[in-house]
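**Q** just coords:
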């Protein structure tokens, strides 16, 4: 893998893991603002805590080579839900951060998959 691709991958890992860790910690801390979206969609309170746990575990899993692609795929699914929420219940511009994070997770999946195939 070229140095540029490696740098891009690590930038994606840092940005994604910081964002997901912060979001997960906020949900687990019970920050009302981040739990409001679940209530608006009629989801139970525990679901916000579940998503927060998944985000925090995913942020950690991104850094473990063996789980990185799988963690990234799970986080991508969460970002699909976040994008849906913002587009359906708010305005498109509020979905942009979720879309950017989804793109970062795709970049991580592609890079990690390429790394695993290169070693075979």
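**A** Everything's here; your move. Since we're looking at a predicted model, the values are computed, not measured.

**Q** now residue 17: closest residue in space that isn't a chain neighbour?
**A** Closest residue in space to residue 17, ignoring its immediate chain neighbours: residue 59 at 4.4 Å, by CB to CB, 6 or more residues apart in numbering. Where you see a C-beta, it was placed from the backbone N, CA and C, and this is true even at glycine.

**Q** around the one you found, count how many other residues there are.
**A** Residues contacting residue 59 under the criterion other CB atoms under 10 Å number 22.

**Q** what does residue 17 give?
**A** 21.

**Q** next: residue 103.
**A** Residue 103 has 14 neighbours, counted by other CB under 10 Å.

**Q** before we move on, what about residue 29?
**A** Neighbours of residue 29 under the rule other CB under 10 Å: 11.

**Q** separation between it and residue 72?
**A** In this view, residue 29 and residue 72 are 24 Å apart by CB to CB, to the nearest Å.

**Q** so who does residue 99 touch?
**A** For residue 99, the contacting residues are 79, 83, by CB atoms under 8 Å, 6 or more residues apart in numbering.

**Q** for residue 65, grab phi and psi.
**A** With angles defined as degrees, to the nearest 10, residue 65 shows backbone torsions of phi -50, psi -40.

**Q** so who does it touch?
**A** Contacts of residue 65 (CB under 8 Å, 6+ apart): 112, 115.

**Q** any idea how far it lies from residue 80?
**A** With distances taken as CB to CB, residue 65 is found 24 Å from residue 80.

**Q** what of residue 50?
**A** From residue 50 to residue 80 the distance is 16 Å (CB to CB).

**Q** can you check residue 91 too?
**A** Distance from residue 91 to residue 80, counting by CB to CB: 18 Å.

**Q** which one's more surrounded, these two?
**A** residue 80 (14 against 9).

**Q** spit out the contact partners of the more buried one.
**A** By CB under 8 Å, 6+ apart, the residues touching residue 80 are residue 102.
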